[in-house]
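Enquirer: Predicted model and sequence follow; I will ask about them next.
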Amino acid sequence: MKLNGGQALIKSLEMEGVDVIFGLPGGAILPVYDPIIDSPIRHILVRHEQGAGHMAEGYAHATGRPGVAMVTSGPAATNIVTPLCDAYMDSVPMVCITGQVPYAAIGTDAFQECDTTGITMAVTKHNFLVTDPQDIPRIVREAFHIATTGRPGPVLIDVPKDIVDPQNPRSAMDWYWPETVDLPGYHPVTHGEPALIREAAELILRAHRPVIYAGGGILKARGAEALLELAELCDIHVVTTLMARSAFPDDHRLALGMPGMHGNYTAVTAIQESDLLIALGSRFDDRVTGKVAAFAPDAKIIHVDIDPAELGKVRQPDVGIAGDSRLVMEELIRALSELGAPKALPDRSAWKSRLSGWQERYPLTYEMSEPGELLKPQFVLETLRDNTPEDTIVASGVGQHQMWTSQYWKFNHPYTWVNSGGLGTMGFSVPAAIGAKVGRPDRMVWSVDGDGCFQMTAQELVTAATERIPIKVAILNNAYLGMVRQWQEMFYEERYSEVYLSPDLPDYKMWAEAMGCIGMRVESPEEVLPAIEKANEIDDRPVVIDFRTDAREKVFPMVPAGLSNSEIQVDPNQRDGGR
Amino acid sequence: METRKHHVLSVLVENKPGVLTRVAGLFARRGFNIFSLAVAPTDDERFSRITVVVDVESAPLEQIIKQLDKLINVVRIDELAPGETVERELLLATLRARPEVRGQVIELVGVFEGRILSVGYDELIVSLDGSPEKLDDFEELVGNYGIVALQRTGRVALRKLHRRTPLSEVPEAS
């Protein structure tokens, strides 16, 4: 069968099972957009290429399947660099297709030319420049294989226009579909080394103060069930990092919640005081470790990661196991059972009572607003949490609202938390929520956003309204770049430099309505619940609620950057003599 | 040159456009230092070999190898430990050689088994190959006469052969 390169590209995406592309056409990618008309693949026309990238990420977070974005050359390609870097940092499977100027024009500074593969080399797991239409099926197959196996990540395919343009005889190719991939330099590990699994199991059986430090790799490996089984078998408490929220049910008796810079006191302190840290799909990020030299000083480390380069990158493990975290957990469970778990476990009642003591003494806390004061963001989040279905998918932006959402939400279903952890991309929330809703139309999807974040990508609500993607957005509008304000208050002597945004400009309610959404404004506590209930009932268009929140509110606990986790600062009301 | 902080990696890569950029870019963005680099196709045209001498004071060698290994086009990495390798490097130099000392310079080139490639009124161009240490020694000695220009290739290296009997284990792939 003879096809042109554009047809071959779309057909290859169909062969990979792609059901939706997030994109925006332009000159160089035009020939690939023509066959989309005849394809069963749904295309969602975004309003900015950054939106396409974050939607693809949100889709991948919620479904586990690779998200696909397609944009044109030059400025479109540079606009999608941020989502690529975001996906690279958070190991999100994603395939991005970019148009390129005709092959012969590459290097001539042609109109809308940029060195896309050069620019994106550092922010993709791999990228390709297609030079022959005959290579298209093979490259698409390889791209999806690379994006979804091993440590997942973004892969970019740059397609020169002449290769896909039916007007050009050079674009003709004979269709084929490769059943296998041949990548001589790519052999991701999957199973753990049996001797190391055994060693890890023995360490676990000897530990008196063990903690499971669960990372985003568990969600990427679809390993939430295995984690639950492992934790229950060994009766070990679990902290879930920002990237691992929803990997372990927050209502479980062994759940300790989020550790790190804004982790709760018990999660942070349990790690610090542990004698064995079982790191599963986590990477000892600086936001978790604080000062590395003082991190979990008495703990032996078991580190499981699919990326061998993570083992020993920050902290040398006592047992480092390269492997898929789900498979390694299953192997660990077998080894532990063979060694006599749970009967063979030592008595850890002293440790457990220390943990519950910390939980009782230092719960998350805030003070309700006085009449006439602005809303407390934590109150809005608790009301939202308690009045949405338990399997609601929550997507957040980056900043204070992100930390509060992670702290206060009760995640009891895996893959319900969508956020930008590693790169910390403001503006992530709205497009990521749209992508998640496209991937999981059966779920309620709430975007919890800050007013600063919202202004960066809000135009994608036009996309959502047009495409009937009924997400709901809660803006925690404190009229500030809140996290920056918090740092200026705490570390820059309350000298507030360039952080004020105004609560009324823009008018979020009117802006939402202009974009085809329902807009609401909420200023007092008694209006919070009715607004949420009203939003929950709307299923034919997006809803935006402008919650007016108190800018003085700060995120606690906090481990200031560069300090040891042992120097955690709890809420001022809890500071009556330390721990 | 201190060998203690320099390690030689022999990196087999797919012979595809941009591979050198990927390797060099990785070193740059991870903060690893390259001391020297030599690249050429192997006997199998699908692959090239990059011999890279890395400064392991900038990062642990293990981390450099693991990060390199993540590049899709990197097929195989061998760390060539000092003493277990055959190493060669080529040096080209334009040397100051006024007529009254020209004989001494030529004698020095002869001692090092170098070759004279071009002769001018008061300059010579010479080539010399050998171990990096030998080239260092030569550079130091001819420096007394004056070096106008000097270019070294960076080293290429292969693992020394083991004296296997025909019955021994399957030989390692290249």
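Expert: Looks like it came in fine.

Enquirer: surely A:Leu205 meets A:Leu345?
Expert: Yes - at 6.5 Å, A:Leu205 counts as touching A:Leu345 under the criterion of CB atoms under 8 Å. Every residue, glycine included, has its C-beta placed from N, CA and C.

Enquirer: For chain A, what's the nearest residue on chain B?
Expert: Ranked by CB to the nearest CB, the top residue of chain B for proximity to chain A is B:Lys66, at 3.7 Å.

Enquirer: Export the host helix or strand of that residue to PDB, keeping only CA atoms.
Expert: Using DSSP states H and E, the element containing B:Lys66 is helix B:61-69. Presented in PDB, the C-alpha positions along helix B:61-69 are these (Å, rounded to 0.1, in the frame of the first residue of the first chain):
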ATOM      1  CA  LEU B  61      32.500   7.700  37.600                       C
ATOM      2  CA  GLU B  62      29.600   5.400  38.300                       C
ATOM      3  CA  GLN B  63      27.100   8.300  37.900                       C
ATOM      4  CA  ILE B  64      28.800   9.400  34.600                       C
ATOM      5  CA  ILE B  65      28.500   5.800  33.200                       C
ATOM      6  CA  LYS B  66      24.900   5.400  34.400                       C
ATOM      7  CA  GLN B  67      23.800   8.600  32.900                       C
ATOM      8  CA  LEU B  68      25.600   7.900  29.600                       C
ATOM      9  CA  ASP B  69      24.000   4.500  29.500                       C
END
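
Enquirer: got a list of contacts for it?
Expert: Outside helix B:61-69, the residues that touch it by CB atoms under 8 Å, 6 or more residues apart in numbering or on different chains are A:308-309, A:312-313, B:7, B:9, B:11, B:23, B:26-27, B:30, B:32, B:54, B:56, B:74, B:77, B:79.

Enquirer: What's the mean pLDDT across it?
Expert: The average pLDDT within helix B:61-69 is 93.

Enquirer: interface residues of the stretch 1-150 of chain A facing chain B?
Expert: By CB under 8 Å from any CB of the partner chain, the part of the stretch 1-150 of chain A that sits against chain B consists of A:117-118, A:121-122, A:125-126, A:129, A:146.

Enquirer: pLDDT below threshold where in the chain?
Expert: As the question left the chain open, I've gone with chain A. Within chain A, the segments meeting pLDDT under 70 span A:577-579.

Enquirer: Chain B was what I was after
Expert: In chain B (pLDDT under 70), the answer is B:1-4, B:164-174.

Enquirer: the longest strand in it is where?
Expert: strand B:85-96 (DSSP state E).

Enquirer: Report the contact partners of the closest residue to A:Asp275 other than its chain neighbours.
Expert: Nearest non-adjacent residue to A:Asp275, counting by CB to CB, 6 or more residues apart in numbering or on different chains: A:Arg209, 4.3 Å away. Counting by CB under 8 Å, 6+ apart, A:Arg209 makes contact with A:273-276, A:348, A:351.

Enquirer: Now do A:Arg209 against A:Leu277, distance only.
Expert: 10 Å (CB to CB, to the nearest Å).

Enquirer: Also A:Asp550?
Expert: 37 Å.

Enquirer: Compare the two (neighbour count), which wins?
Expert: A:Leu277 (28 against 16; other CB atoms under 10 Å in any protein chain shown).

Enquirer: Which elements pack onto the helix or strand where that one lies?
Expert: According to DSSP H and E, A:Leu277 maps onto strand A:276-280. Judged by 3 or more CB pairs under 8 Å, 6 or more residues apart in numbering or on different chains; DSSP states H and E, the packing partners of strand A:276-280 are helix A:194-206, strand A:210-214, strand A:300-305, helix A:325-338.

Enquirer: CA atoms of the very next helix or strand once past it as PDB?
Expert: For strand A:276-280, the following helix or strand on the C-terminal side (DSSP H and E) is helix A:286-289. The C-alpha coordinates for helix A:286-289 follow below in PDB (Å, rounded to 0.1, in the frame of the first residue of the first chain):
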ATOM      1  CA  ASP A 286      16.000  18.000  47.600                       C
ATOM      2  CA  ARG A 287      12.400  19.000  48.500                       C
ATOM      3  CA  VAL A 288      12.200  15.700  50.400                       C
ATOM      4  CA  THR A 289      15.600  15.400  51.900                       C
END
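
Enquirer: is chain B contacted by helix A:286-289?
Expert: No - Helix A:286-289 lies out of reach of chain B by CB under 8 Å from any CB, never closer than 15.2 Å.

Enquirer: what sits up against that helix?
Expert: A:213, A:241-242, A:259-261, A:263, A:282, A:292, A:295, A:314-315, A:565.

Enquirer: and if you look at stretch A:34-52?
Expert: A:6-7, A:9-11, A:13-14, A:18-24, A:55, A:69-71, A:76-77, A:79-80, A:82-83, A:166, A:427, A:430-431, A:434, A:438, A:457, A:459-460, A:462-463, A:466-467, A:469.

Enquirer: Can you tell me which of those are buried?
Expert: When these are checked for burial by 16 or more other CB atoms under 10 Å in any protein chain shown, the buried set is A:6-7, A:9-11, A:13, A:18, A:20-24, A:55, A:69-71, A:76-77, A:79-80, A:82-83, A:427, A:430-431, A:434, A:438, A:457, A:459-460, A:462-463, A:467, A:469.
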